[in-house]
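Engineer: Provide a 3D model corresponding to the input given below.
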Amino acid sequence: RIQILFEIMSVKGLDVDTGNQELNDKVRSWLNLDRNENTKSELIGLITDKKHEEVERILSNRMTFGTAGLRSRMGPGYLYMNDVTILQSTQGLFRYLEEMDATLLKEQGVVIGFDARHNSQRFARRTASVFLRHGIPVYLFSRITPTPFVPFGVVHYGAAAGIMVTASHNPKQDNGYKVYWKNGAQIIPPHDKGIASAILNSLELDDDAWNLDIVKPNKILRDPYDEVFQRYYEEAAKHSITRESNSSSPLKIVYTPLHGVGQEFMKESFKTFGLNEFVSVPLQCKPDPEFPTVAFPNPEEGKSALDLAMKEADANGCSVILANDPDADRLACAEKRTDGSWYVFTGDELGAILGYLAFQNHLLKNPNSSVESLYMVSSTVSSKILKSIAKVEGFLAEECLTGFKWMANYAIRREAEGYKCLFAYEDAIGYMYGTRVLDKDGISAGGVLSEHASQLYGKGRTLYSYLEEVFSKYGYHVTNNSYFLCYEPETVKRIFGKLRNNGYPSSVGKFKITGVRDLTVGYDSSTPDNKCLLPTDPSCQMITFTFENGCVATLRTSGTEPKLKYYTEIIRRPGDTATKTSIKEELAELVKEMVAEFLQPEVNGLKPRPN
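Structural biologist: Next up is the predicted model:
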């Protein structure tokens, strides 16, 4: 049936009848533009099934190019990831890069990588073809790579930009297009708007745009895989402190890439750090774009994503589990308790461990260096633990907007001022150890964490005991973070509008609010002029409340997923008589009241985080 309709539409003048002439024209326009038979057939199938509202939606709206680049499900239409939108976006990116620095672009080119998702390699080749047509040098990885290899490659080759085709930890039907600037960090304003505008002026696709024959070895097309692989691990080796003794540790570790790219790259990381080989999870160790064993290929989901790894660890007598997300830029960790159960560290707890470790290791390697010139940065929704450590030890720590695009650019700016950035992190299990990769990097972080765990276990200690050491020295930082799924943008606007339009709330249950910062509109009650110190972003909903009991709570929307997130933290300084249990109970009560009053899940149809 679909084939017959396809023949009618493609051979006999594209006679389309959706009952709407304007929509008919949009369908004809798409079918004339698209040369991919699969996405053409998908669109025709929607028309055949009379899903005209869906056809209208995907042909009348366009993906928004932002600081995160592009991310959407794969399928036909301008709203989705497909060959047409990849080509159009790359044409726009080329124009913008040429406008910014034509000489750099012509001489140094771009770096392009891809993960193991459906269509990622073809999307990468389509991307490369646009630049090659214009005589721009392209470093196109010949094989799947972890996302950190692309920003590393941008800096290594001095490229004008980098593009990584990945949807990170999103569901299997999604893909994405992540752009790095010439400094090796993700783009920030105004480049996002500049690229978005250039894309809208680059929508025409001629016959040559579809020619992939140009993507073959020639003098301006290089495969950077071997060189970047070697240089990356040479840099990673510099983070090792105890390489010679790591293999003598009794610790056994299980690792899972969750069907993503990480297996071989984490193996090389363990080798680089002189660690014993990890135990693999057989059902998850090979790249598989279907992600058949997990509902969500996101190790941030905790135990639900680590079930198979826990079973493998139990069967092999392993005490620690490491997991990367599918593009290996995030890192999760779990540790076996004495009662046989598993403790999954939060992103903030791993941030505390790795942050303190970065400081300790730097002092070991540089005992006479100035502490005042050291620097760390975290996102504003993450724990304040780095600031607490910095306050005691005398180095600089600051917070910025969410996303490594901000943290990396903050680090670049501070290093230009003479600081040395040791570490950056965000609560969503993203860690940047040093500045050789200016983005979160789950491969190098996995090596650093595994080395430290090996040394701890050699001394009869655990990662959790090290975390307790950090908290006992700098104060307990107790967090309670989660999210609700919300697929209706209007619902999100209504929730946040209610919080701000009638005056910000002064309390939640029995908990009094003493301060409000709204980064959507630029209001901050704590500053003399009530203006935010951090940049504002009208496109993202984000309000932070400070409570009389010391709790800081933030509500925000995700930039890449249909999630309404909340982040809460209470800090108790050393010497405070409150127990960790009582702090957790107090925070849990506050969160319960906040969710009920501010979010009203039942009223607003919000779906709780899956178990």
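Engineer: correct me, but F65 touches A198?
Structural biologist: No. With contact defined as CB atoms under 8 Å, F65 does not count as touching A198 (9.1 Å). All C-beta spots, glycine's among them, are computed from the backbone N, C-alpha and C.
Engineer: send me stretch 62-76 as CSV with only the CA atoms.
Structural biologist: The C-alpha trace of stretch 62-76 is given here as CSV (Å, rounded to 0.1, in the frame of the first residue of the first chain):
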residue,chain,number,x,y,z
ARG,A,62,11.8,22.9,13.0
MET,A,63,14.3,21.7,15.6
THR,A,64,15.8,24.6,17.5
PHE,A,65,19.5,24.8,17.3
GLY,A,66,20.8,25.8,20.7
THR,A,67,23.9,25.6,22.8
ALA,A,68,23.4,21.9,23.0
GLY,A,69,23.3,21.7,19.2
LEU,A,70,20.4,19.5,18.0
ARG,A,71,18.7,16.6,19.7
SER,A,72,15.5,14.9,18.7
ARG,A,73,14.0,11.6,17.6
MET,A,74,14.9,10.3,14.2
GLY,A,75,12.3,10.4,11.4
PRO,A,76,10.9,12.5,8.6
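Engineer: grab the nearest non-local neighbour of Y431.
Structural biologist: Spatial nearest neighbour of Y431, excluding adjacent residues (CB to CB, 6 or more residues apart in numbering): A445 at 4.2 Å.
Engineer: now swap in Y177 and tell me
Structural biologist: The spatially closest residue to Y177, leaving aside those adjacent along the chain, is L70, at 4.1 Å (CB to CB, 6+ apart).
Engineer: before we move on, what about C285?
Structural biologist: Spatial nearest neighbour of C285, chain neighbours left out: Q263 (4.9 Å); criterion: CB to CB, 6+ apart.
Engineer: about what we covered before: tell me who's in contact with the residue nearest to Y431.
Structural biologist: A445 makes contact with 331, 354, 431, 433 under the criterion CB atoms under 8 Å, 6 or more residues apart in numbering.
Engineer: and it, how far is that from T560?
Structural biologist: Taking CB to CB, to the nearest Å as the measure, A445 and T560 are separated by 21 Å.
Engineer: secondary structure element holding G77?
Structural biologist: Using DSSP states H and E, G77 sits in no helix or strand.
Engineer: for it, give me phi and psi.
Structural biologist: Main-chain dihedrals, G77, degrees, to the nearest 10: phi 100, psi 160.
Engineer: same check on V254?
Structural biologist: phi -100, psi 140.
Engineer: so how many other residues sit close to N170?
Structural biologist: N170: 21 surrounding residues under other CB atoms under 10 Å.
Engineer: please apply the same query to the one 5 residues further on.
Structural biologist: As a burial measure, N175 scores 27 neighbours (other CB under 10 Å).
Engineer: how close does it get to P610?
Structural biologist: Distance from N175 to P610, by CB to CB: 22 Å.
Engineer: now swap in A160 and tell me
Structural biologist: Spatial separation of A160 from P610 under the definition CB to CB is 41 Å.
Engineer: more neighbours: those two, which one.
Structural biologist: Neighbour tally, A160 and P610, criterion other CB under 10 Å: the higher count belongs to A160, 27 against 9.
Engineer: circling back: between F65 and A198, who's got more neighbours?
Structural biologist: In this view F65 and A198 are compared by other CB under 10 Å, and F65 has more residues nearby, 24 against 20.
Engineer: F484 - that's part of a helix, no?
Structural biologist: No. Checked against DSSP: H, G, I helix; E, B strand; the rest coil, F484 lies outside a helix; its state is strand.
Engineer: need the contact partners of stretch 344-353.
Structural biologist: Judged by CB under 8 Å, 6+ apart, the contacts made with stretch 344-353 from elsewhere in the structure are 300, 302-303, 306, 331-335, 378, 382-383, 385-386, 425-431, 449, 452, 463, 466-467, 470-471, 477, 479, 481, 569.
Engineer: now with 7 Å?
Structural biologist: Contacting residues not belonging to stretch 344-353 are listed as 300, 302-303, 306, 333-334, 378, 382-383, 385, 425-429, 431, 463, 466-467, 470, 477, 479 [CB atoms under 7 Å, 6 or more residues apart in numbering].
Engineer: now stretch 381-400
Structural biologist: Contacts with stretch 381-400, where a contact means CB under 7 Å, 6+ apart, come from 348, 351-352, 355-356, 359, 371-372, 374-380, 402, 406-407, 410, 419, 425-427, 474-475, 477, 479, 534, 554, 556, 567, 569, 571.
Engineer: quick one, which of those residues are buried?
Structural biologist: Burial by neighbour count, judged by 16 or more other CB atoms under 10 Å, picks out 348, 351-352, 355-356, 359, 374-380, 402, 406-407, 410, 419, 425-427, 474-475, 477, 479, 534, 554, 556, 567, 569, 571 from the contacts of stretch 381-400.
Engineer: narrow those to those in helices?
Structural biologist: When helices are assigned by DSSP state H, the members of the buried ones among the contacts of stretch 381-400 inside them are 348, 351-352, 355-356, 359, 406-407, 410, 474.
Engineer: next, give me the two most distant ones among the residues you listed.
Structural biologist: Across these, the longest distance by CB to CB is 24.1 Å; it joins W406 and Y474.
Engineer: what mean pLDDT does the helix or strand that contains E312 have?
Structural biologist: Following DSSP H and E, one finds E312 within helix 303-316. On average, the pLDDT along helix 303-316 is 94.
Engineer: please apply the same query to stretch 556-573.
Structural biologist: Averaged across stretch 556-573, pLDDT comes to 90.
Engineer: restrict it to CA atoms and write it as CSV.
Structural biologist: Below are the C-alpha coordinates for stretch 556-573, written out as CSV (Å, rounded to 0.1, in the frame of the first residue of the first chain):
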residue,chain,number,x,y,z
ARG,A,556,14.4,23.7,36.3
THR,A,557,13.5,22.2,33.0
SER,A,558,15.9,20.0,31.0
GLY,A,559,17.3,21.3,27.8
THR,A,560,17.4,17.9,26.1
GLU,A,561,14.7,15.8,27.7
PRO,A,562,11.0,16.3,28.7
LYS,A,563,12.0,16.5,32.4
LEU,A,564,11.0,18.9,35.2
LYS,A,565,13.9,18.5,37.6
TYR,A,566,14.4,19.5,41.3
TYR,A,567,17.6,19.7,43.2
THR,A,568,17.9,20.2,46.9
GLU,A,569,20.7,20.4,49.4
ILE,A,570,21.3,21.0,53.1
ILE,A,571,24.8,21.6,54.5
ARG,A,572,25.8,21.0,58.1
ARG,A,573,29.3,22.3,59.0
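Engineer: what's it in contact with?
Structural biologist: In contact with stretch 556-573 (CB under 7 Å, 6+ apart) are residues 66, 68, 71, 170, 381, 383-384, 427, 475-487, 492, 540-542, 549-555, 578, 583, 586-587, 590-591, 599, 606.
Engineer: give me the buried positions along it.
Structural biologist: Residues 556-558, 560-561, 563-572 are the ones in stretch 556-573 that count as buried (16+ other CB under 10 Å).
Engineer: what ranges do the strands span in the stretch 101-250 of the chain?
Structural biologist: When secondary structure is read from DSSP state E, counting those that start in this stretch, the stretch 101-250 of the chain shows strands at 110-114, 138-140, 161-165, 174-180, 221-222.
Engineer: how about these, which one is nearest Y504?
Structural biologist: Ranked by CB to CB, the member of the strands of the stretch 101-250 of the chain that lies closest to Y504 is strand 174-180, at 34.7 Å.
Engineer: now the angle from the closest one to strand 161-165?
Structural biologist: Here strand 174-180 runs at an angle of 170 degrees relative to strand 161-165 (axes from the mean of the first three to the mean of the last three CA atoms, to 10 degrees).
Engineer: any residues touching strand 174-180, and which ones?
Structural biologist: By CB under 7 Å, 6+ apart, the list of residues contacting strand 174-180 from outside reads 68-74, 81, 86, 89, 93, 117, 119-120, 123, 150-151, 154, 161-168, 186-187.
Engineer: excluding chain neighbours, what is closest to the residue sitting nearest the centre point of the chain?
Structural biologist: With distances taken as CA atoms, centre = their mean, the residue of the chain nearest its centroid is S168 (6.5 Å). With CB to CB, 6+ apart as the measure, D327 is the residue that lies nearest to S168, at 5.2 Å, once sequence neighbours are left out.
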